[in-house]
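**Student:** this is a predicted model, with the sequence first.
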Amino acid sequence: MRKRNFVKILILVALFLIGTIVLCSCEKTANQENSDFTFSLSELESSLILEKYNGDESSVIIPEYVNDLKVSKISKRAFEGKSLSSITIPDTVEVIEEEAFRNCVDLESITFPTELKTLGRAVLNGCKNIKSVSVPFSGKSGSITEPSTRTLFGYIFGTERYEDSYICEQFYVEDEITPYYIPESLEEISITGSGNILTGSFTNLKSVKKVLIANGITAINSNAFYNCDNLEEISIDAEAKLKTIGGYAFYNCSKLSTIAFPKSLVSIGEYAFYNTNIENVNLLEKCNKLEKYCFSNCLNLKNVTMHNSSVALNEGVFSNCQSLVSIQIPVNLLSVPKSFLANCTSLQTIDLSNTLIISIQDEAFKGCTNLKSIKFSKTISSINTNAFKDCEKLETAIFDETIREFKVSLDSIEYLVQVTNPQTNATNLKLTYSSYIWTILN
C-alpha cells in the first residue's frame, strides 16, 4: 500500500514539473521571439499581458499573438517615455491600463482598437506632440451609458499639467466641471465605435479642427462638442445610423463650416448649431423635427433645403442668419413659428404660395431689412404681432385671388404698402383694416 502511494506521489510531482517546464518554455520562447516586449500570462492563462516595451524603435507594431496566445492587455506605463512616433495596436487588445503611453513625446497619432473595452486614466498624459487620436468611445469605456467624469474625452489625457498643453474645462452637467490638460497639437479625432456620444464628451476642446464620426454612432447627445471654437469640419460616414443631434451639441463652434447631414438623421435639438459657420443646410427626408434656435446666429448660412414636407419647425430656427438668401419652406407647414427668420438681413423674397400655412407667428420676419416681397399661401388667415416689424424695404405682398380677408395685427401691416394680385396684375389695390381684419377690395 505504501509503495503504491509513493508511486502516485512520484507521478504527481513529475506532472507538476513537466507543466512548469512547458509554461516556462512558452514564456521564454515568447520573450526570445519578441525580445522588445515583456509578456506575462493572464489570470486564466488564456491570453498575454504586455507588461513592458524594452525596445527603442520609433515605429512599433504590437503582435496579435505570441505562441498562439492573443495579446489582450497593455499594462500601466508599459510604453512610458519611449521615443515612439507611431504604434499599431492589434484588435485583440481589450484593455489598456492607466498611463500606458505616458510621456511618449514623439507620438503623433494613435488608433485604439474598435473593440477595445477599457482605456485607463491619463493613458496619453504628456504626449505633447500628438496630432490625431482614434477612439471607439469617449473616456474610460463604451459600456458606460450614463455621463460622468469617466466619459469625458479629457479622461485619457489626465489632470496633470505637461509642456505644450492647455487646460480644458469639461463637463457633463453645468456644475460638475473637470479641468483636463490637452496637447495643443491635437487637431483630429475619429470616433469609431457605436451607440451614443454622451453628454459633454468633447466640450471646450480648443485645438481640434476635424472630427470623423463612424457609421455605428446613433446619437450625438447634448453639449457633446459644446464650444469647440476651432472645430472646422464634422465628417459623418455616408452610411451612418445617426438619428439625433442633441441640444447645444455644437453650440458656439464658431469655425464649423462643413457638415453633411446623413439620410438617417431624424431630429436636431435646440441651439445645436447656434453660432456656427455653416454655409449650407441640406436636411433629407427622415429629418422631421428642428428644435428652437437650432441654426440661429449662423452668420454665413446662405442656403437651406428641407426635403421632408412635414418637418416640425420651432421658434427662431433660422433667426439672425444674416447671409441667408434662399430657403425652401416645407409644403405641409401650417404655421410660420415665432422669430423663424427674424433678422435675416440678406433675405429679399419669401415664397409661401405652395404651402398650407394658415398663420404667421409673432416676429416671424422681424428685422428682415432687405425683404422686398412676399407671396402668401392660399390658406393664410392670420398674421400676428410684429411679424414684419422693421422690414423697411417690403413693398410687395402677393395674395392668391381667392383670399378675401384675414386677421392681421396692425403693427404687422405697417410695411405692407403695396399689394399685387397675380390674377389681374392690378396694383395699388385699396386696403381697409379695422381692428384685426384686413380686407382686400378689388
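**Tutor:** Right, received. Where do you want to start?
**Student:** for the nearest residue to Glu115 once chain neighbours are set aside, give me phi and psi.
**Tutor:** Taking CB to CB, 6 or more residues apart in numbering as the measure, Glu115 lies nearest to Asp91, with 5.8 Å between them; neighbours along the chain are not counted. Bear in mind the C-beta positions are built from the backbone N, C-alpha and C, glycine included. When read as degrees, to the nearest 10, the backbone of Asp91 gives phi -70, psi -10.
**Student:** who touches Asp91 in this structure?
**Tutor:** Contacts for Asp91 (CB atoms under 8 Å, 6 or more residues apart in numbering) come out as 64, 113-115.
**Student:** now, among those residues, which is nearest to Gly126?
**Tutor:** Closest to Gly126 out of the contacts of Asp91 is Pro113 (22.1 Å), distances taken as CB to CB.
**Student:** who's in contact with Val311?
**Tutor:** The contact partners of Val311, by CB under 8 Å, 6+ apart, come to 283, 287-290, 330, 333.
**Student:** cutoff 7 Å now
**Tutor:** Remark: with contacts taken as CB atoms under 7 Å, 6 or more residues apart in numbering, Val311 is in contact with 287-290, 330.
**Student:** could those residues be laid out in JSON lines, adding distance to Ser75, secondary structure and neighbour count?
**Tutor:** JSON lines is the format used below for the contacts of Val311 (distance: CB to CB, whole Å; DSSP: H, G, I helix; E, B strand; the rest coil; neighbours: other CB atoms under 10 Å):
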{"residue": "Cys287", "distance to Ser75": "46", "secondary structure": "coil", "neighbour count": "22"}
{"residue": "Asn288", "distance to Ser75": "49", "secondary structure": "coil", "neighbour count": "16"}
{"residue": "Lys289", "distance to Ser75": "48", "secondary structure": "strand", "neighbour count": "16"}
{"residue": "Leu290", "distance to Ser75": "49", "secondary structure": "strand", "neighbour count": "25"}
{"residue": "Pro330", "distance to Ser75": "57", "secondary structure": "coil", "neighbour count": "20"}
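**Student:** now, the most widely separated pair of these?
**Tutor:** With CB to CB as the measure, no two of these lie farther apart than Lys289 and Pro330, at 11.5 Å.
**Student:** still on that earlier bit, farthest pair in the contacts of Asp91?
**Tutor:** The distance between the two most remote of the contacts of Asp91 (CB to CB) is 14.4 Å, for Glu64 and Thr114.
**Student:** ok, of the contacts of Asp91, which one's closest to Lys241?
**Tutor:** Once CB to CB is applied, the member of those that ends up nearest Lys241 is Thr114, at 15.0 Å.
**Student:** pLDDT wise, what is the closest one at?
**Tutor:** The score at Thr114 is 95. That number is its pLDDT.
**Student:** wait, it touches Ile191, no?
**Tutor:** No. If you go by CB atoms under 7 Å, Thr114 and Ile191 don't touch, sitting 10.3 Å apart.
**Student:** for burial, what's the neighbour tally of Arg121?
**Tutor:** 18 (other CB atoms under 10 Å).
**Student:** I meant Pro179, not that one.
**Tutor:** By the measure other CB under 10 Å, the count of residues near Pro179 is 12.
**Student:** can you put the contacts of Val311 in JSON lines and add pLDDT and distance to Glu395?
**Tutor:** Shown next, in JSON lines, are the contacts of Val311 (pLDDT from 0 to 100; distance: CB to CB, whole Å):
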{"residue": "Cys287", "pLDDT": "97", "distance to Glu395": "35"}
{"residue": "Asn288", "pLDDT": "97", "distance to Glu395": "36"}
{"residue": "Lys289", "pLDDT": "97", "distance to Glu395": "35"}
{"residue": "Leu290", "pLDDT": "98", "distance to Glu395": "30"}
{"residue": "Pro330", "pLDDT": "95", "distance to Glu395": "27"}
